[in-house]
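Asks: Structure of the sequence below:
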Amino acid sequence: MAKSSASATWLSLVAVLWLQLGNGASSDFPLYSSNLKQLLSISQLHLNTLAFASDAGKLLAWVSGIAVVYLPSWAVLLIGAVIGLLGYGLQFITVGEALVPTAYWQVFLLSALTGNAACWVNTVCYEVCLKNFKSKARAAIGLSSSYSGLSAAAYAIIADAFLRPSPSQKAKAILLLNTVVPAVTVVLVLPMARVVSAEEVSLSDEEFVMLFAVAMATGVIAVLGSLLGMSAWVLWAFGVLLVVNIIAPVSAKFRETAQRQRVHNADEDRGKEEEWEHGKEEKKVAPSAMMRTLEFWLYFVGYLCGATVGLVYLNNLGQIVDSRGHSKTSAVVSLAFAFSFFGRCMVSLLDFACLRNKHEVRRPALMAGLTAAMAGAFCLLLNPRNLCLYVGNAVIGTCTGAITSAAASATSELFGTKFFGINHNIVVSNIPVGSFVFGFFAAFVYQKGENERGICMGAKCYETTFLVWGCLCILSTLLLFLLDFRTRRSRFLELKTVDV
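Replies: Numbers count the residues shown, from 1 in each chain. Purely as a prediction, here's the structure:
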């Protein structure tokens, strides 16, 4: 392998981190949802429909899974960037600037378009991590997906630091950022976000530890920025991210030229690590075969009633905070997404630690434990105190992020990597289903408590919703434990494979 391979591989991971951070525009909907509701003069039910529209874009996510098989990574990234630019750009023009008359159905379709745009970028990110970091793919995927959990906080920081929007201009500011930031990010990292080689470069644990340390520092800055005032921390947040771009590839290059004696040991360790991955690599479960298994449906419904409930909660968080009379909606929303980042990063750290010690945490069991914690958090939110809001927020954000991160590697673990891009996008199609059903239920309960101005105030607005969501999380826990029981008997699922 060429001497530059290690540097190029690490640059590809750095590019993926930036892509995930800039590609989370769809997660910042709670930051401006209240203002959007006023601008469009719509009901809570219609507002939840817009949140569903963004998730509905994932129903066609499998198209990006097929595209990444036949097209180069740069082409798939550009398609996603163009789709997002059109979707958010037209929303900014019609809603933010009000230059042309805005029809509700137009905003709905544009929201669906932006939701699909994110799938194209995510698919490339997963593909790059799987192929460039074979034996450490779990850790790489978890680390990269962690940064998407910081997107909402990052967008809020940029908006408050540079645009300083008033509450009535919040939607305009965020839509402008959603238009510009993802497209610019794709263009900047386009040469680096690629599969470097069919072989795996020798990886250093120290470099992974360094990236984890930078990620955790970034998360801490985001939390402090949310609590203490965001604009003062913006330069620090992006300064830390710049360190990732500079140190990681330089470190890889230095290690490559000055510490070649470690390659032999790394190869020996990787032999055991690849033994873990052997079953996954051998399984080539096509989508049609996957969907005929009981394991898939346990996984699909378990995810639907767990992580998807958490995502619906985050989509409604702006209205939830407003209904409680809290004055710092953006700070609470940003804090929830910052904890989502820590949850994602926690899973990646766990995978990395287990890999070094040749142990494994079963994905279904981990996800079951996290959904159980979410059920407790929803019970805590029944208490109207602000402290309960913050604690419940932290738990749900952390668990939702952790499950989302774990699910990416769970799909490859359960059904192999051959058709990963298509299979995982089929799995996450549960998100629009849950967004539609659970979101509409929340809106229906909210509207029952509305006053003459169409606003609901008090704990009653979401009391029934929290009870139902908590029960769904309990159901998710049971289903995932059942999935764990079925897969625990053997190292890998005995599924009929389809060779291509």
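Asks: just checking, what packs against the helix or strand harbouring L482?
Replies: With elements taken from DSSP states H and E, the one containing L482 is helix 460-488. In terms of contacts (3 or more Cβ pairs under 8 Å, 6 or more residues apart in numbering; DSSP states H and E), helix 460-488 is packed against helix 294-304, helix 307-315, helix 317-323, helix 363-380, helix 430-448. No exception for glycine: its C-beta is placed from N, CA and C like everyone else's.
Asks: how about 10 Å then?
Replies: Judged by 3 or more Cβ pairs under 10 Å, 6 or more residues apart in numbering; DSSP states H and E, the packing partners of helix 460-488 are helix 294-304, helix 307-315, helix 317-323, helix 363-380, helix 386-415, helix 430-448.
Asks: Go through it and flag the buried ones.
Replies: 461-462, 464-466, 469-470, 472-477, 479-484, 487 (16 or more other Cβ atoms under 10 Å).
Asks: any idea how far the residue nearest in space to the middle of the chain lies from L176?
Replies: Centroid-nearest residue in the chain: S148, 5.0 Å away (criterion: Cα atoms, centre = their mean). Distance from S148 to L176, counting by Cβ to Cβ, to the nearest Å: 20 Å.
Asks: go on, D322?
Replies: 23 Å.
Asks: low pLDDT regions in the stretch 1-150 of the chain?
Replies: Filtered on pLDDT under 70, the stretch 1-150 of the chain yields the residue ranges 1-6, 96-102.
Asks: could you redo the last one with a cut-off of 90?
Replies: Within the stretch 1-150 of the chain, the segments meeting pLDDT under 90 span 1-18, 20-66, 68-70, 91-107, 111, 115, 118-119, 122-123, 125-150.
Asks: how about the helices in it?
Replies: 5-22, 29-40, 44-56, 61-70, 73-91, 104-132, 137-148 (DSSP state H, counting those that start in this stretch).
Asks: Which positions in the third one come out as buried?
Replies: The neighbour-count criterion (16+ other Cβ under 10 Å) identifies Q44, L47, N48, T49, L50, A51, F52, A53, S54, D55, A56 as the buried residues of helix 44-56.
Asks: quick one, what contacts the nearest residue to T179 once chain neighbours are set aside?
Replies: Excluding the flanking residues, the one nearest T179 by Cβ to Cβ, 6 or more residues apart in numbering is Y88, at 4.1 Å. By Cβ atoms under 10 Å, 6 or more residues apart in numbering, the contact list for Y88 reads 25-26, 96, 110-111, 113-114, 117, 174-183.
Asks: let's go with 6 Å and repeat that
Replies: T114, L175, N178, T179 (Cβ atoms under 6 Å, 6 or more residues apart in numbering).
Asks: Out of those residues, the closest to A375 would be?
Replies: T114 (31.2 Å; Cβ to Cβ).
Asks: From I93, how far off is the closest one?
Replies: For T114 relative to I93 (Cβ to Cβ), the value is 14 Å.
Asks: for A193, same thing?
Replies: 29 Å.
Asks: Same drill for the two, tell me which one is more crowded.
Replies: Ranked by neighbour count (other Cβ atoms under 10 Å), A193 and I93 place A193 first, with 26 against 15.
Asks: Spell out which helix or strand contains the more buried one, please.
Replies: Per DSSP H and E, there is no helix or strand for A193.
Asks: how about the nearest residue to it, chain neighbours excluded?
Replies: A15 (3.9 Å).
Asks: residue contacts, that neighbour?
Replies: Counting by Cβ under 6 Å, 6+ apart, A15 touches V189, M192, A193.
Asks: Export these as CSV, with columns for pLDDT.
Replies: Putting those into CSV (pLDDT from 0 to 100) gives the following:
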residue, pLDDT
V189, 89
M192, 87
A193, 86
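Asks: outside of stretch 167-178, which residues touch it?
Replies: 25, 28, 31-32, 35-36, 39, 88, 91-92, 96, 155, 158-159, 163, 165.
Asks: Report the buried members of the residues you listed.
Replies: 25, 28, 31-32, 35-36, 39, 88, 91-92, 96, 155, 158-159, 165.
Asks: for the spatially closest residue to P364 that is not a sequence neighbour, what are its contacts?
Replies: The shortest distance from P364 to any non-neighbouring residue, by Cβ to Cβ, 6+ apart, is to D484 (3.7 Å). Residues in contact with D484 (Cβ under 6 Å, 6+ apart) are R362, P364, A365.
Asks: Pick the one among those closest to N386.
Replies: Using Cβ to Cβ, those come closest to N386 at A365, 33.8 Å.
Asks: What residue, apart from its backbone neighbours, is nearest the closest one spatially?
Replies: Using Cβ to Cβ, 6+ apart, the nearest residue to A365 is D484, at 4.5 Å.
Asks: ok, the one you found to V427 distance?
Replies: Separation of D484 from V427 (Cβ to Cβ) stands at 17 Å.
Asks: hmm, back to that, tell me which two of the buried ones among the contacts of stretch 167-178 sit farthest apart.
Replies: The largest separation in those, counting by Cβ to Cβ, is between L39 and I158 at 20.8 Å.
Asks: neighbours around V180, how many?
Replies: 17.
Asks: In contact with Q20, which residues?
Replies: Q20 makes contact with C125, S144, Y147, S148, according to Cβ under 6 Å, 6+ apart.
Asks: In contact with the closest residue to the second one other than its chain neighbours, which residues are there?
Replies: By that I understand S144. Nearest residue to S144 in three dimensions, chain neighbours excluded: V16, at 4.4 Å (Cβ to Cβ, 6+ apart). Shown in contact with V16 (Cβ under 6 Å, 6+ apart): C125, V128, S144.
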